[in-house]
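# what's the 3D shape of this:
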Amino acid sequence: MNDKLKNYLNIALILTLLVLAYSAYVYVDSYSKSIQPSSFRSFSVSGEGKVVAIPDVAQFSFGLITQGDKDIAGLQKENTNKINKIISFIKESGVDKKDIETLQYNLEPRYQNYSCPVRNLEAGLPCPPSEIIGYSISQSVSVKVRDFNKIGSILAGVAQNGANNISQLSFTIDEPFKVESEAREKAIAQAKSKALSIAKAGGFRLGRLLSINEDNIGIPRYYALEASASPSIEPGSQEVKININLVYEIK
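From the prediction side, this is the model:
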C-alpha cells in the first residue's frame, strides 16, 4: 500500500471518528433535554385547597390492670372475664366488633424487695434477693364510636364496668381520602388558574407540565379533655388543607 493511499485512509478514519463523536454529543444533548426539558425556561406556581369537614368517628382507649398471685392461669381467666364484660357492654351499646381493637397485652411479675441488713453488708454477705409474689396483667383496648349521641354513655359505662382508665378521646374522619381528594382538586385548579394568569401577563404560552409536588397537611385529630365526665360531647369541624406546586414549561 503506497503512502498516498495510507493518507486517504487516515483522513477517512479521522472524519469517521469526528462524525461519531458529534453524533454522540447530539444524542446526549437530546437525552438530557428530554429528561429535564426547558430547565432554563420554566416557572412554578402554587395553589392551596381547603375543605371543611365534620368528623364522623370518635375514638378512645381504655385500660384494665388485673393483679393476682402466682396462679397465672387463674389471673388470665379473671382478666379475660373483666375485659369481656366491658367489651360486651360496648357491643350492646351499638359498637361493631370491627371497631374494637386490642392495643396491648402485658403479663409482668410483681416483686417483693427486701432491705439488706447492716450485718450482711459488714460481713460481705449477699443481700436477700427480690422475690416474685405474683403477677400483673395490663391490657388496653381502642374503640371507635360512630354514633356521637352514645359517646357519653359509653364512656361512663366502660368506667362503671371496671376499666381502670379511659383516655385519648379524639375525633377524626374515617375515610380521609375523599376529603383530601376534594382539597387536592381545589389546590390544582387554583394553581392552574394562577399559571394561566401569569402566562397572559407575561406574554408567553404555557408548555408542558414538568412536575407536580404536594404538601399534604392531612386530617387533624382533635382531642377532648375530661371526656369521661362530659355528658354531651361535640366534635366540631375540621379544616383539611393541601398545597400543590406545579412547574410549567414556558413556550
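
# Provide a list of residues in contact with residue 191.
For residue 191, the contact set (Cβ atoms under 8 Å, 6 or more residues apart in numbering) comprises 45, 46, 47, 244, 245, 246. Every residue, glycine included, has its C-beta placed from N, CA and C.

# Next up, phi/psi of it, please.
phi -70, psi -40 (degrees, to the nearest 10).

# ok, and what's touching stretch 90-99?
With Cβ under 8 Å, 6+ apart, stretch 90-99 has contacts from 100, 143, 144, 145, 146, 147, 150, 153, 154, 157, 158.

# Which single one of these is nearest to residue 69?
residue 158 (27.1 Å; Cβ to Cβ).

# Would you mark the buried spots in stretch 85-102?
86, 87, 89, 90, 93, 95, 99 (16 or more other Cβ atoms under 10 Å).

# just the helices in the stretch 151-251 of the chain please.
Ranges of helices in the stretch 151-251 of the chain, per DSSP state H, counting those that start in this stretch, are 151-160, 176-202.

# Highest average neighbour count across the ones you listed: which stretch is it?
Highest mean neighbour count among the helices of the stretch 151-251 of the chain (mean count of other Cβ atoms under 10 Å): helix 151-160, with a mean of 18.

# Looking at the buried residues of stretch 85-102, which are in helices?
Residues of the buried residues of stretch 85-102 located in helices (DSSP state H): 86, 87, 89, 90.

# could I get the residues you listed as JSON lines with pLDDT and distance to residue 215?
Listed next are those as JSON lines, based on pLDDT from 0 to 100; distance: Cβ to Cβ, whole Å:
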{"residue": "86", "pLDDT": "97", "distance to residue 215": "41"}
{"residue": "87", "pLDDT": "96", "distance to residue 215": "40"}
{"residue": "89", "pLDDT": "97", "distance to residue 215": "43"}
{"residue": "90", "pLDDT": "96", "distance to residue 215": "38"}
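
# least trustworthy helix or strand in this structure by mean pLDDT?
strand 222-223 (a mean of 52; mean pLDDT, DSSP states H and E).

# right, and residue 188 touches residue 245 too?
No - contact criterion Cβ atoms under 8 Å: residue 188 and residue 245 do not qualify, at 10.4 Å.

# Find the residues that touch each one of those two.
Common neighbours of residue 188 and residue 245 (Cβ under 8 Å, 6+ apart) are residue 212.

# Now do the contacts for the spatially closest residue to residue 244 that is not a sequence neighbour.
Distance criterion Cβ to Cβ, 6 or more residues apart in numbering; nearest residue to residue 244, sequence neighbours excluded, is residue 187 at 4.0 Å. Contact analysis of residue 187 by Cβ under 8 Å, 6+ apart lists 47, 48, 49, 214, 242, 243, 244.

# Can you select the buried ones from those in PyMOL?
Command for PyMOL, covering only those of these found buried under the criterion 16+ other Cβ under 10 Å:
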select buried, resi 47+49+242+243+244
